[in-house]
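[1] next come a sequence and a model predicted from it.
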Amino acid sequence: MLHIVNKSPFQTTTLDSCLRMAQPGHALLLIEDGIYAATVGSAAEARVRQACASLKVYALQPDMDARGVTGKLIDGVTLVDYAGFVDLTVEYSTSHSWL
Amino acid sequence: MSEQQAITPGGPTVKKFMFVNRKAPYGTIYALESLEVVLITATFDQDVSLVFIDDGVYELVKGQQTKGIGIKNFSPSYRALDGYDVEKLYVDQASLEQRGLTEKDLLVPVEVLDAQQMGQLMAQQDVILSF
């Protein structure tokens, strides 16, 4: 399944709850303020790197570009555009937009 | 209730709907809105399950008295879910523990799951709605 997180890891515990429940083979897509978790040097970096070991982790590039942090992308996280976002929702039969 | 039935013969498709509740009851409108959508979904004979994670576990705490804040106490409605054939209520164990709560503090019977069980249950759904 596909987990979608749109909240900054500094604002809410959404990412942590998601990572606690995501199972190996699931995918995580970071969008909107959620993308800050995918930047090097952030306090969430270690958690995201660990997640990359068992999950496919994606970040929405337009949201990273908009916030000026595309250059800080953690290696192991894959950038997708809006079409890629749609492809992910098709590839995984269940999506959960964590609120 | 039927676990594996995907399509009722000659009837509409039954999908597995999961409602994920992660907000405390009165600070925001999410908990009440979730409950209303749950009841609507149940009316359409769908396979409905509710999960309570993070502050969502506070929605189920016994003994809510809302007179003093001037907001309707909707917690008794969770007890009525049974009457709509909504019987699958799951609570995240760690969320309970972090808040000093146990099953005994809750106003309805629930099944307490660990994070792995919760993640597996999510992956089995057709539709997940988050509140």
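    On my side now, so go ahead.

[2] can I assume residue B:45 sits in a helix?
    No: judged by DSSP: H, G, I helix; E, B strand; the rest coil, residue B:45 forms no part of a helix; its state is coil.

[3] tell me, how many residues neighbour the closest residue to it other than its chain neighbours?
    Using CB to CB, 6 or more residues apart in numbering or on different chains and skipping residues adjacent in sequence, the residue nearest residue B:45 is residue B:14, 6.6 Å away. Any C-beta I mention is one placed from the backbone N, CA and C, and that applies to glycine too. Residues lying near residue B:14 (other CB atoms under 10 Å in any protein chain shown) number 16.

[4] would you list the phi and psi of residue B:14?
    Dihedral angles of residue B:14 (phi, psi; degrees, to the nearest 10) stand at phi -100, psi 120.

[5] I'd say it and residue B:42 touch.
    No: in this structure residue B:14 lies outside contact range of residue B:42 using CB atoms under 8 Å: 11.8 Å.

[6] the helices in chain B, which residues?
    B:30-43, B:76-80, B:93-98, B:115-123 (DSSP state H).

[7] using JSON lines, please lay out those together with distance to chain A and mean neighbour count.
    Listed next are the helices of chain B as JSON lines, based on distance: least, CB to the nearest CB, whole Å; neighbours: other CB atoms under 10 Å in any protein chain shown:
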{"stretch": "helix B:30-43", "distance to chain A": "7", "mean neighbour count": "17"}
{"stretch": "helix B:76-80", "distance to chain A": "19", "mean neighbour count": "14"}
{"stretch": "helix B:93-98", "distance to chain A": "7", "mean neighbour count": "17"}
{"stretch": "helix B:115-123", "distance to chain A": "4", "mean neighbour count": "18"}
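
[8] tabulate those (a markdown table), appending mean pLDDT.
    Below are the helices of chain B laid out as a markdown table (pLDDT from 0 to 100):
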| stretch | mean pLDDT |
| --- | --- |
| helix B:30-43 | 94 |
| helix B:76-80 | 95 |
| helix B:93-98 | 97 |
| helix B:115-123 | 98 |
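
[9] could I get these as JSON lines with distance to residue A:65?
    As requested, the helices of chain B are exported to JSON lines (distance: least, CB to CB, whole Å):
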{"stretch": "helix B:30-43", "distance to residue A:65": "30"}
{"stretch": "helix B:76-80", "distance to residue A:65": "44"}
{"stretch": "helix B:93-98", "distance to residue A:65": "35"}
{"stretch": "helix B:115-123", "distance to residue A:65": "30"}
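
[10] so who does the residue nearest the centre of chain B touch?
    By CA atoms, centre = their mean, chain B has its centre lying nearest to residue B:50, at 2.7 Å. With contact taken as CB atoms under 8 Å, 6 or more residues apart in numbering or on different chains, residue B:50 is in contact with B:18, B:19, B:21, B:34, B:38, B:81, B:86, B:88, B:89, B:90.

[11] do that again at 10 Å, thanks
    Residue B:50 is in contact with B:17-21, B:34-35, B:38, B:56, B:59-60, B:78, B:81, B:86-91, B:108, B:110, B:131, counting by CB atoms under 10 Å, 6 or more residues apart in numbering or on different chains.

[12] thanks a lot, see you next time.
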